[in-house]
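Visitor: have a look; sequence and predicted model below, questions after that.
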2 protein chains.
Amino acid sequence: MGKRVESLGCRKFGEKLRVDCKNCSLGELCIPRGLDIGEIERVNKIIHKKRTLHRGDYLYRAGDKFESLLALKAGTVKIVSLDNRGNEHIIGLFLPGEILGFGGFATGMHEYSAVVQETVSVCEIPANGLEALCQEVPNLQHQLFQLMSCKLNQERGKLVTNKKPAEERMASFLIDLSDRYHCRGFSAVEFNLSLTRQEIGNHLGLALETVSRLLSHFQEMGYIEVDRKLVVIKNLGGLRAILSVDESDKKRA
Amino acid sequence: MGKRVESLGCRKFGEKLRVDCKNCSLGELCIPRGLDIGEIERVNKIIHKKRTLHRGDYLYRAGDKFESLLALKAGTVKIVSLDNRGNEHIIGLFLPGEILGFGGFATGMHEYSAVVQETVSVCEIPANGLEALCQEVPNLQHQLFQLMSCKLNQERGKLVTNKKPAEERMASFLIDLSDRYHCRGFSAVEFNLSLTRQEIGNHLGLALETVSRLLSHFQEMGYIEVDRKLVVIKNLGGLRAILSVDESDKKRA
DNA sequence: CGTATTATTGACTCCATTCAAAGATAGTGG
DNA sequence: CCACTATCTTTGAATGGAGTCAATAATACG
C-alpha cells in the first residue's frame, strides 16, 4: 500500500512551481489544445499546482471528493477498482500527456482510485475553476467535451477487445501503448510496460502465466523483444495482423 | 439490415410534434435535470425534432457526422461496433430516458452505430445549439459533464464485470437492467430483455448456448422466471449474492 | 400453414487457468 | 561486496469452464 498523499495543495513557501501551459512540453496534448494564446493564459491562471509523486502514492482514492482534473506531465498511473469481493481490478493505465479524473464529474466523488506506477509529475486543474472558465471560453468547453467523449470511445473500444482471445488482447494492449506513446512524442517501438505480468493479466482478464507465455510467443515470432518490462517492437505489422487475420485464413496457408 | 433513415430532420408539413420538456414524461431523467423552468424552456427551444423509428432502423451509423444527441423517450437501442474482421459487437443497450451520442463529440463523427431494437421515440438535441446554450446556462454545462462522466463510469464498470465468470456476467447484466428500468419508473422485477440470446451473448462475450443455460439455471434456482424475452425477477437478492458470495464460501456450506 | 429464426439441451473439445517448481531480479542489511 | 529475502518471471503439466458442434423444440412471421 502506498502512503496517502494528504493534500496535493500543500507546498512549501518559496517552492518554485513552474506551471506554464504556454511552454509546457505537453503542448497540444493537454487541455489547451485548440486554444489561442490568450485563452491558454487564462487556463494557466487556474492551474495552481504541480507535484511529484512516487510509485504507490494515490492521486485520489475511490470515494474522495472530486476537486480537480490531473494532467500527467510525466510518469504513469493506473486506475483501479475494488470489486464486491475486495479484489483489485486495473481499469486503465495513463501515460504522460493524458488527463485523469473525468469520472469525478458524475457524482462529485471519484469512483475509482488512481495509483502512481512510475514517478509522476502532475498539474492540477480545479474542476470549479475549469467549469467557470468554460463559461467564458467556448473553445475550452468544446475541448473538454471532446476529451471526455474520446475517453468514452476508448473505454468502449476496450470492451470490444476484451472479448477476444488472449493473443489478440495482448497484441491490442501492446499496439495501444505503442500508439499512445507515439502520438505523445515518445518512441512507438520501445517503451516500458510499467505494469508487472500480474498487473497486465489483471487488466486484460488473463492469468499472469498467460501474459508471460504470450510475450515469449511474440518474441519467438520476432514481433517483439522483451527484457523484463522493456519492450522493443520489431514488427508492428505482425502484431497488427493478429487483430485482423482470420483463423480460417491461417488454415488455408 | 434495417433501412437507413435518410434524415431525422424531414417531417411532413403540419405533422404535430409534441416536444415539450416541461411536460415530458422523462422529467428529471433527461437533459433538463437540475434546471429551472426558464432554463428548461431554453433547452426546449433547441430541441427541434421528435421521431418514431422501428426495429432495425439506424439512429446513426459509424462514420456519420455527429450532429445531435438523441434522448430516448421510448423504446430500446443497441450500440454496435464492427471489428477488424467485420464481426458485430454489441457495446451497450440504451433504455427509455437515456441519452445517446456522447461519443460523437470526440471527432465530430460517430464511432459506433445505433440500431433500434424496440420501436423508439427520440428527441433530437442539436450539438451546436446545445454547446452554445451551455455557454449561457452553467447548470446545463454542468449537467452535460455529469452525464458524460456517468457514462464513462458505467463503461468502466462493464470492463470490470466482463472479466468475471459467465454466471456473474449474466447476473450483472440482469441486475443492471433491473436497476436502470427501476430508476426510470418501470418495474425493477419485470422487463423485456430486448436482445436475443445471441445478442446477449455477443454483448457479454459468451456463447448463446451459455446464455440460454444460465437463464435456465437462474430459473431452476428460483431467482427468475423467463419466458422468451420476458424476465420476471423472483429473488433479486439471490442474483446479487452471485456477485459477492465467494466460491470458497460455497464450499464451506 | 410452412419456413425462418430463435431457443434449449447434451456431448465433446479446447483455450486459458490453475497448480507446481525452478530461475531471475531487485532490494536490504551485515 | 555478498548473502539473504521477497518479488517477479518463466515454463511444464493437469484441470476445468465455456465454446463448439449437433440435434431437436418452440416461436414468429409472411
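Guide: Noted; the coordinates are in hand.
Visitor: what count of nearby residues applies to the residue lying closest to A:E88 once chain neighbours are set aside?
Guide: Nearest residue to A:E88, sequence neighbours excluded (CB to CB, 6 or more residues apart in numbering or on different chains): A:V80, at 5.2 Å. To be clear about C-beta, it is placed using only N, CA and C from the backbone, and glycine gets the same treatment. By the measure other CB atoms under 10 Å in any protein chain shown, the count of residues near A:V80 is 21.
Visitor: in this structure A:V80 contacts A:S113, no?
Guide: Yes: contact criterion CB atoms under 8 Å: A:V80 and A:S113 qualify, at 5.2 Å.
Visitor: chain A: helices as residue ranges?
Guide: Counting by DSSP state H, residue ranges of the helices within chain A are A:37-46, A:127-136, A:138-161, A:166-182, A:197-204, A:208-220, A:236-244, A:247-252.
Visitor: tell me the pLDDT of the residue nearest to A:E88.
Guide: The predicted local confidence for A:V80 comes out at a pLDDT of 97.
Visitor: check contacts around it.
Guide: With contacts taken as CB atoms under 8 Å, 6 or more residues apart in numbering or on different chains, A:V80 has the following neighbours: A:E88, A:H89, A:I90, A:I91, A:Y112, A:S113, A:A114, A:V115.
Visitor: 7 Å instead, please
Guide: Contacts for A:V80 were tallied using CB atoms under 7 Å, 6 or more residues apart in numbering or on different chains; they are A:E88, A:H89, A:I90, A:I91, A:Y112, A:S113, A:V115.
Visitor: got the contact list for the first one?
Guide: A:E88 makes contacts with A:V80, A:L82, A:N202, as judged by CB under 7 Å, 6+ apart.
Visitor: with the contacts of A:V80 in mind, which one is nearest to A:E167?
Guide: A:I90 (19.7 Å; CB to CB).
Visitor: run through the bridge partners of that closest one.
Guide: Note on A:I90: beta-bridge partners by DSSP bridges are A:V80.
Visitor: kindly report the same for the one 4 residues further on.
Guide: When bridges are called by DSSP bridges, A:F94 pairs up with A:V77.
Visitor: for chain A, which spans come out with low pLDDT?
Guide: In the predicted model of chain A, residues A:1-19, A:27-28, A:246-253 satisfy pLDDT under 70.
Visitor: residue nearest the centroid of it?
Guide: Among the residues of chain A, the smallest C-alpha distance to the mean C-alpha position (CA atoms, centre = their mean) belongs to A:F94, namely 1.3 Å.
Visitor: that residue is in contact with A:T76, isn't it?
Guide: Yes: between A:F94 and A:T76 there is a contact under CB atoms under 7 Å: 6.4 Å.
Visitor: could you report the neighbour count for A:C183?
Guide: Burial measure for A:C183: 12 neighbouring residues, criterion other CB under 10 Å.
Visitor: right, I mislabeled it, should have said A:K158
Guide: Using other CB under 10 Å: A:K158 sits among 23 other residues.
Visitor: not counting sequence-adjacent ones, nearest residue to it?
Guide: With CB to CB, 6+ apart, the residue lying closest to A:K158 is B:L159, at 5.9 Å.
Visitor: now swap in A:E136 and tell me
Guide: By the measure of CB to CB, 6+ apart, the closest residue to A:E136 outside its immediate chain neighbours is A:R42, 7.6 Å from it.
Visitor: neighbours of that neighbour, how many?
Guide: Burial of A:R42, expressed as a neighbour count using other CB under 10 Å, amounts to 16.
Visitor: that one touches A:Q135, doesn't it?
Guide: No: look at A:R42 against A:Q135 with CB under 7 Å: they stay out of range, at 11.6 Å.
Visitor: kindly report the residues of the stretch 51-200 of chain A close to DNA strand C.
Guide: When proximity is defined as CB under 7 Å from any atom of the strand, the stretch 51-200 of chain A approaches DNA strand C at A:P165, A:A166, A:E167.
Visitor: top of those by neighbour count?
Guide: A:A166 (17 neighbours).
Visitor: spit out the contact partners of it.
Guide: Contacts for A:A166 (CB under 7 Å, 6+ apart) come out as A:L206, A:T210, A:L214.
Visitor: before we move on, the earlier item: separation between the residue nearest to A:E136 and chain B?
Guide: Distance, A:R42 to chain B, by CB to the nearest CB, to the nearest Å: 15 Å.
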